[in-house]
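**Student:** Could you work out the structure for the sequence below:
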Amino acid sequence: MRVVLCGYYGMGNAGDEALLASLLQLLPKQVEPIVLSGDPAQTRDRYGVESCHRKSFPEVFSALRRSQAFIWGGGSLMQDSTSAMNPIYYGGLMRLAQFMGLKTIAWAQGIGPLQRSWVKGFTKSTFQRCTKVSVRDQASAALLNQWQIPFTLAPDPVWAMESTPVEGLWNLPAPRVAVNLRSHKHLTPERIAVFTRALIDFQKATQTCLLLLPFQASQDFALAQSLHEALPEVSHILQIKHPQELKGVFRGVEMTIAMRLHALIMAASEGCRCFGLSYDPKVTQLMSDLEMAGCAIAGLPTDPNELSHLWLELYANGDSLSENQIHSLVDRAFFHQTILEEVLGSADR
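**Tutor:** Residues are numbered from 1 along each chain as shown. Next up is the predicted model:
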């Protein structure tokens, strides 16, 4: 059977690519996916799947006509904090698939923020029409409860994504600390300066090798380059395209300091101590759920010494998740696979 997979794919964001890799890993074997992508050639080459351009309506419509199911493939797709076009695009495709009679799955979703009343109403009615729904966080679950829509709640599927070794990683000096920043309005030049000074002090105290990991080049690379220029002898920028390899980086890392949700998930799942820098409710929720050390970007200490001390305390005395905690999160992440099997296993082939 053919299934259309829809998400923020082929757009250079490692977190969304990890969601796609997780979904492809968990799909039933009989499914032939068609991935809507911003870079279909790259998606075809990387994953060995059929792909069409996400903004070409003739191609998308043809894919829907040839398919039996449609999946929103993870992430915060129905939200209007960045743009009202997000719910129009993703919700519009979901409603079209529903109108055409396809089985529809809202998979591993993080719903919101929903700031506009019409977006909230449109989102509710779209989820009501889905064959199955799974969400990745308590806030989304609470919203669906309020709307009286049945759902499955499970950890983000990237917890369950396989990781693979990274060639050359073990040739870099140890111990290693991973760092990920992304551009954001609250990450002001003043806060970047404080962060950089704190990182210099932390590195001198620990003699660690810093792995700078841009997850989305357009938003992360300039910051990684700035940090590398401040610490040229002891830092390395790693630009890794394959999600499984990116997760594999964290196998060889003692501690991670990161803003991005999936950087923290990958690190925690591989047994790293983590310091979260929250810029979004989804990161705050993860940090709360895991009792993870960290702070909001808007509340970043203004004294570099205070920030470096927090990192040193975590590095020297902090704990990673226990093996039992990791196994539990991974096992529960496979609940997202269950709904795929329930819907796609019973669909007409």
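
**Student:** Please report how far residue 337 lies from residue 1.
**Tutor:** If you measure residue 337 against residue 1 using CB to CB, to the nearest Å, the figure is 16 Å. Where you see a C-beta, it was placed from the backbone N, CA and C, and this is true even at glycine.

**Student:** Tell me which of the two has more neighbours.
**Tutor:** Neighbour tally, residue 337 and residue 1, criterion other CB atoms under 10 Å: the higher count belongs to residue 337, 20 against 16.

**Student:** how much space between the more buried one and residue 239?
**Tutor:** Residue 337 sits 30 Å away from residue 239, going by CB to CB.

**Student:** which stretches of the stretch 101-250 of the chain have low pLDDT?
**Tutor:** By pLDDT under 70, the stretch 101-250 of the chain has no low-scoring segment.

**Student:** Quick one: mean pLDDT for stretch 288-298?
**Tutor:** The average pLDDT within stretch 288-298 is 97.

**Student:** Give the full set of residues in contact with residue 270.
**Tutor:** By CB atoms under 8 Å, 6 or more residues apart in numbering, residue 270 lies in contact with 163, 247-248, 250-251, 253.

**Student:** could you dump the residues you listed to CSV with secondary structure?
**Tutor:** Converted to CSV, these look like this (DSSP: H, G, I helix; E, B strand; the rest coil):
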residue, secondary structure
163, coil
247, helix
248, helix
250, helix
251, helix
253, coil
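
**Student:** Closest one to residue 133 out of those, please.
**Tutor:** Taking CB to CB as the measure, residue 247 is the one of the contacts of residue 270 closest to residue 133, at 26.0 Å.

**Student:** ok, the closest one touching residue 15?
**Tutor:** No: between residue 247 and residue 15 there is no contact under CB atoms under 8 Å: 11.0 Å.

**Student:** So if I had to pick from these two, which one is more boxed in?
**Tutor:** Under the criterion of other CB under 10 Å, the comparison of residue 247 against residue 15 puts residue 247 first, with 27 against 21.

**Student:** List the residues that contact the residue nearest to that one when sequence neighbours are not counted.
**Tutor:** Residue nearest to residue 247 in three dimensions, not counting chain neighbours: residue 163, with 3.9 Å by CB to CB, 6 or more residues apart in numbering. If you count contacts by CB under 8 Å, 6+ apart, residue 163 has them with 244-245, 247-248, 250-251, 266, 269-270.

**Student:** Repeat the analysis, applying 7 Å as the threshold.
**Tutor:** 244, 247-248, 251, 270 (CB atoms under 7 Å, 6 or more residues apart in numbering).

**Student:** What is the nearest of those to residue 187?
**Tutor:** Using CB to CB, residue 247 comes nearest to residue 187 of the contacts of residue 163, at 24.4 Å.

**Student:** Phi, psi for the residue nearest to residue 247 please.
**Tutor:** When read as degrees, to the nearest 10, the backbone of residue 163 gives phi -120, psi 150.

**Student:** Relative to residue 223, which of the contacts of residue 163 is nearest.
**Tutor:** residue 247 (21.0 Å).

**Student:** still on that earlier bit, what about the residue nearest to residue 247, distance to residue 66?
**Tutor:** From residue 163 over to residue 66 (counting by CB to CB), the distance is 33 Å.

**Student:** where along this structure do the strands fall?
**Tutor:** For the chain, the strands defined by DSSP state E cover 2-6, 32-37, 50-53, 69-75, 103-109, 132-135, 152-153, 176-180, 209-212, 235-237, 255-258, 273-278, 293-296.

**Student:** Pull up the gap between residue 256 and residue 264, please.
**Tutor:** 7 Å.

**Student:** isn't residue 302 right next to residue 194, touching?
**Tutor:** Yes: in this structure, residue 302 is within contact of residue 194 by CB atoms under 7 Å, at 6.2 Å.

**Student:** higher neighbour count, these two?
**Tutor:** Using other CB under 10 Å, the more surrounded residue of residue 302 and residue 194 is residue 194, with 20 against 10.

**Student:** Let me see the contact set for the closest residue to that one other than its chain neighbours.
**Tutor:** The shortest distance from residue 194 to any non-neighbouring residue, by CB to CB, 6+ apart, is to residue 304 (5.2 Å). The contact partners of residue 304, by CB under 7 Å, 6+ apart, come to 194, 197-198, 201.

**Student:** Likewise for residue 208?
**Tutor:** Neighbour list for residue 208: 175-177 [criterion: CB under 7 Å, 6+ apart].

**Student:** Recalculate using a threshold of 10 Å.
**Tutor:** By CB atoms under 10 Å, 6 or more residues apart in numbering, residue 208 lies in contact with 173-177, 202, 234-235, 253-255, 315.

**Student:** Likewise for residue 258?
**Tutor:** Residue 258 makes contacts with 178-182, 213, 215, 264-268, 272, 274-277, 283, 294, as judged by CB under 10 Å, 6+ apart.

**Student:** Can you give me the distance of it to residue 282?
**Tutor:** The gap separating residue 258 from residue 282 is 13 Å, by CB to CB.

**Student:** who does the top helix by length along the chain touch, helix- and strand-wise?
**Tutor:** In the chain, taking DSSP state H as the definition, the longest helix is helix 189-206. Here helix 189-206 touches strand 176-180, strand 209-212, helix 217-230, strand 255-258, helix 304-317, going by 3 or more CB pairs under 10 Å, 6 or more residues apart in numbering; DSSP states H and E.
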